[in-house]
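[1] Sequence plus the predicted model coming up.
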Amino acid sequence: MTPQPAPRGDQTRQLIIDTAMRLFGEQGYEKTTMRAIATEAGLAPSNAYYYFPSKDHLVQEFYTRVQVAHREAVAPHLAGRGDLGTRLHAAMSAGVTVMDPYHAFAGKFFRVAADPASASNPFSDESEPARALSQEIFRDVVDGATTTIDPEVKEVLPELLWLAQLGVTLFWVYDRSPGRSRTRLLVDRAVPLIDRMVGLSRLRVLRPAVREALSLYRALRA
């Protein structure tokens, strides 16, 4: 059967997103207006605002698109079961690969996203849908792991791994090495450490410290 073309509305929506991402890279987030995006896309401003009431809504769409692509890229590696380290390495490596086409404007964009008051901040209420998609990837990493994990650690581990991925992303933003080789090295070296720390958390002698750390984490995220 011949694939059916996407509905016109979906095509227009995608055109706006693609145009916005290009202009963000060329002009920076602050200098790119919704009117400029509409003009560059060959649309009336009212048409662009119909699909995206503000630039923040475009950013959330971008976040979601990246997370959907991340999910698709890592899905084959998480289809079965395996040890935590192997699954986590696959997830973090896929995340770097999916983000890489956007590296040219990542630094400009990060300055806006780092503002705690910005709707583009990854911890904002507006970012919750994309954040949930990303955390679900790491929940799959944990749930499909054959590694024995302390139950209390396992409960919050997907969120902690998502935070670790944010750290990798921040490093990636400032990584100017060819092909982001330093970020790849970070993933290669950090994942075994995380895997080892998860294993050590099961030791009886470390349980009081682990419980205290988990209590602090819960208090901070409340």
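    Everything's here; your move.

[2] Which pLDDT value does the model give residue 5?
    The model reports residue 5 with a pLDDT of 46.

[3] What is the helix or strand of the chain at the bottom of the mean pLDDT ranking packed up against?
    Scoring the helices and strands of the chain by mean pLDDT, DSSP states H and E places helix 103-113 at the bottom, with a mean of 76. For helix 103-113, the packing partners by 3 or more CB pairs under 8 Å, 6 or more residues apart in numbering; DSSP states H and E come out as helix 8-27, helix 151-173. Bear in mind the C-beta positions are built from the backbone N, C-alpha and C, glycine included.

[4] care to break this structure down by domain?
    According to automatic domain parsing, the chain is divided into the following domains: 1-53, 55-221.

[5] need these in a markdown table with mean neighbour count, can you?
    Below are the domains of the chain laid out as a markdown table (neighbours: other CB atoms under 10 Å):
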| stretch | mean neighbour count |
| --- | --- |
| domain 1-53 | 15 |
| domain 55-221 | 16 |
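
[6] how about the helices in this structure?
    Counting by DSSP state H, the chain has helices at residues 8-27, 34-41, 45-51, 55-78, 84-99, 103-113, 128-143, 151-173, 181-200, 207-221.

[7] Confidence-wise, which of the domains of the chain is weakest overall?
    Mean pLDDT values for these show the minimum at domain 1-53, a mean of 83.

[8] who's in contact with the nearest residue to residue 118 once chain neighbours are set aside?
    Leaving aside its chain neighbours, residue 118 sits nearest to residue 112 (5.8 Å; criterion: CB to CB, 6 or more residues apart in numbering). Counting by CB atoms under 8 Å, 6 or more residues apart in numbering, residue 112 touches 29, 30, 118, 120.
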